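Q: missing the sequence, but the structure's below:
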């Protein structure tokens, strides 16, 4: 048997150990729900789980890294060519279904679920297992869960389905009750910093990026890979601070930003993520624990800003911002959702 290879995962040691034990004991579940914030590494763990599970020389949950199956599964940006692995998301849907995907559709349609349902029953070609990773499981269309229910409940004995979602609640109860749950939290700053250093990122940059990434490995790798990306990140944070702290900023948020939401959804969600993070930092500043701030470079400005409001007002602003992101993800009209959010933010001092 060839040598064992560690999973290519940053953090999440407990989740990895749990999955490795399941493979070693041959007690693999047939449906899993991986839940946690975007960018922390859920899909990476799912892919590494698939690699260890489908390895042709597998050894107690460790892939060999050398067999045909291991080489065909995505790692470090390589194209996936494994015939027994499907990673389904809205981008995959657009490619696989073409016009049936509805063009700019932002949810996994019933047609996509029907494709997955038909695919999972065909026996694996290369490996013992067939694996489907549904990477946008929190974006199932209204009719998709019922179409997928029987498959998740009773997949073929050679099949493993992994649903990946930002939160358990984003998946209908009928689906999630039939899955083994594994929850993922943010990765520690030290673990991210160590990974960046391992990738030959200089110590100062690694420390800065690890701090602003807020536990999201994908964000850290993106920021570290592009010399200009950190400057753009800082500019985006400054823009978001203007949205919450300036009257004209709030008008821009409900005006041009809302008007362009359909064409640039990702930008809207990024703005709301930064706004929520800044309101959270304002809460931390009032509590005197801003050493845990997500945006340490904004500490002084946030301390001055937060002094205008009560703790209850800031907490309500944070809830309103998260609610707006949720509503937009459910395809609410952008102008209405953003105006409702701003109306729940505390009034700025003259």
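A: That came through fine. Keep in mind the model is a prediction, meaning the values are calculated, not measured. Residues are numbered from 1 along each chain as shown.

Q: look up phi and psi at residue 124.
A: phi -60, psi 150 (degrees, to the nearest 10).

Q: contacts made by stretch 208-224 with the rest, please.
A: 10-11, 37-41, 44, 185-190, 192-193, 195-196, 199, 201, 205-206, 229-230, 233, 277, 294-297 (CB atoms under 8 Å, 6 or more residues apart in numbering). Glycine gets a C-beta too; all of them are placed from N, C-alpha and C.

Q: buried subset of those residues?
A: 10-11, 37, 39-41, 44, 186-187, 189, 192-193, 195-196, 201, 205-206, 230, 233, 277, 294-295 (16 or more other CB atoms under 10 Å).

Q: okay, and which of these map to helices?
A: 44, 189, 192-193, 195-196, 205-206, 230, 233, 277 (DSSP state H).

Q: nearest to residue 268, of these?
A: residue 277 (15.0 Å; CB to CB).

Q: I'd assumed residue 296 was in contact with the closest one.
A: No: in this structure, residue 277 is not within contact of residue 296 by CB atoms under 8 Å, at 11.5 Å.

Q: and the helix or strand that residue 239 is a member of, what does it pack onto?
A: For residue 239, the host element (DSSP states H and E) is helix 229-245. If you count contacts as 3 or more CB pairs under 8 Å, 6 or more residues apart in numbering; DSSP states H and E, helix 229-245 packs onto helix 203-212, helix 217-225, helix 247-252, helix 265-287, helix 299-306.

Q: repeat that with 6 Å
A: helix 265-287 (3 or more CB pairs under 6 Å, 6 or more residues apart in numbering; DSSP states H and E).

Q: quick one: the helix it packs on to helix 299-306, angle?
A: On the basis of axes from the mean of the first three to the mean of the last three CA atoms, to 10 degrees, helix 265-287 is oriented at 80 degrees to helix 299-306.

Q: distance check, the residue lying closest to residue 11 once chain neighbours are set aside against residue 21.
A: Counting by CB to CB, 6 or more residues apart in numbering, residue 187 is the residue found nearest to residue 11 once chain neighbours are left out, at 3.5 Å. Relative to residue 21, residue 187 is positioned 21 Å away (CB to CB, to the nearest Å).

Q: and for residue 88?
A: Residue 88 is 27 Å from residue 21, where distance means CB to CB.

Q: over to residue 181?
A: 16 Å.

Q: any buried residues in stretch 266-277, and which?
A: Residues of stretch 266-277 classed as buried: 268-269, 271-277 (neighbour count, 16+ other CB under 10 Å).

Q: same list (those residues) but as CSV, adding pLDDT and distance to residue 216.
A: Listed next are the buried residues of stretch 266-277 as CSV, based on pLDDT from 0 to 100; distance: CB to CB, whole Å:
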residue, pLDDT, distance to residue 216
268, 92, 18
269, 91, 14
271, 93, 17
272, 94, 16
273, 91, 10
274, 93, 13
275, 95, 17
276, 94, 14
277, 92, 11
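
Q: quick one: which of these is nearest residue 160?
A: Using CB to CB, the buried residues of stretch 266-277 come closest to residue 160 at residue 269, 29.9 Å.

Q: next, the angle from the helix holding residue 239 to helix 217-225.
A: Using the same axes, to 10 degrees: helix 229-245 against helix 217-225 is 120 degrees.

Q: list of residues touching helix 229-245?
A: 223, 249, 253, 271, 274-275, 278, 295, 305 (CB atoms under 6 Å, 6 or more residues apart in numbering).

Q: do the same with stretch 106-114
A: Looking at what lies outside stretch 106-114 - CB under 6 Å, 6+ apart - the contacts are 93, 97, 100, 136, 139-141, 143-144, 147-148.

Q: about what we covered before: who has more neighbours, residue 88 and residue 21?
A: residue 88 (23 against 12; other CB atoms under 10 Å).

Q: cool, thanks, talk later.
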